[in-house]
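**Student:** sequence and predicted model, in that order:
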Amino acid sequence: MEHRVPLIAGNWKMFKTCSEAVDSATRLADLVSDIENVDIMIAPTFTSLAVVSDIILNTKIDLGAQNIFWEKEGAFTGEISAPMLLSAGCQYVIIGHSERRQYFGETDETVNQRMRAANSSGLIPILCVGETETHRDEKKTFSVLDKQIEKGLEGLTLDEQHSLVIAYEPVWAIGTGKTATPDQVQEVHAFLRDLVGKKFGNSLANATRILYGGSVKPDNVSELMALPDVDGALVGGASLQPDSFSKIIHYS
Ligand code: PGA
């Protein structure tokens, strides 16, 4: 099996002013200075990207954005493009988070446009997929995920290693304190890797990092990271406090 460097990513959502973000990033950089062989990413709000980028330069932490628009520039009030994110210091961008799908009208089609923009610009996209509780109850989990992956990755040219990250985030586990069981997580991650393999071939599937997200905490991260197809975590609530996020990063 391919060796995939784990990625622990913090999604700060709509939390922290610029100065709070700077404080948290400074503290986190200090706490994780000993880390080897784990990639670390934080995704502050757009307004904090540039200042946080300065703080984490030459540290173990990379920068991500929480969304991206597909045009490079133009009359699109309120939107942010790939060149802007790159110029603010971003390496990663989270795309299709369930909160965007749920509250802001994100669809598989718009997710795909964002994926293409990120991919062609050199940003590493983190494609978020996940079923709702109703989908799971109705046994639609795999068909929903299949569609999200199929549509999300449509038309993408993915030939570089590690250029794709997928985050499996069951909607019912986000911010609820409910984590999917290890069996549920492994079953879905193996299914997702298989889908990527069918679409792009086994070598890309083996290089793709599949993160789990949904109430990841210091006390459940090790069990999740031990699963063969879990290559990292996308952490919301527990990434806001540098101490708890550092504990998650030090999972092993
Ligand atoms: P949570 O959020 O860790 O607070 O459940 C995860 C996410 O939304 O990425």
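**Tutor:** Arrived safely, thanks for sending. This one's a predicted model, so the numbers in the text were calculated from it and none came from an experiment. Numbering: from 1, shown residues only.
**Student:** how near is Asp39 to Ile61?
**Tutor:** Distance of Asp39 to Ile61, computed by Cβ to Cβ, to the nearest Å: 9 Å. For the C-beta atoms, the positions are set from N, CA and C on the backbone; glycine is no exception.
**Student:** just Asp219 next, same as before
**Tutor:** From Asp219 to Ile61 the distance is 23 Å (Cβ to Cβ).
**Student:** what sits against Glu99?
**Tutor:** By Cβ atoms under 8 Å, 6 or more residues apart in numbering, the contact list for Glu99 reads 13, 174.
**Student:** can you tell me the closest non-neighbouring residue to the residue most central in space within the chain?
**Tutor:** With distances taken as Cα atoms, centre = their mean, the residue of the chain nearest its centroid is Ile126 (4.2 Å). Spatial nearest neighbour of Ile126, chain neighbours left out: Val165 (4.4 Å); criterion: Cβ to Cβ, 6 or more residues apart in numbering.
**Student:** tell me the confidence at the one you found?
**Tutor:** We have a pLDDT of 97 for Val165.
**Student:** dig out what it forms beta bridges with.
**Tutor:** Per DSSP bridges, the residues bridged to Val165 are Ile126, Arg209.
**Student:** go ahead and confirm it touches Pro125.
**Tutor:** Yes: look at Val165 against Pro125 with Cβ atoms under 8 Å: they come within range, at 6.9 Å.
**Student:** hey, what's in contact with both of these two?
**Tutor:** Common contacts of Val165 and Pro125 (Cβ under 8 Å, 6+ apart): Tyr92.
**Student:** Asp219 and Ile61 - which one has more neighbours?
**Tutor:** Ile61 (22 against 11; other Cβ atoms under 10 Å).
**Student:** give the buried residues for whichever strand or helix holds Arg27.
**Tutor:** For Arg27, the host element (DSSP states H and E) is helix 18-31. Buried residues in helix 18-31, defined by neighbour count with 16 or more other Cβ atoms under 10 Å: 21-22, 24-25, 27-29, 31.
**Student:** who in the stretch 101-250 of the chain is up against the ligand?
**Tutor:** For the stretch 101-250 of the chain, the contact set with the ligand under Cβ under 6 Å from any ligand atom comprises 169, 174-175, 213-216, 234-238.
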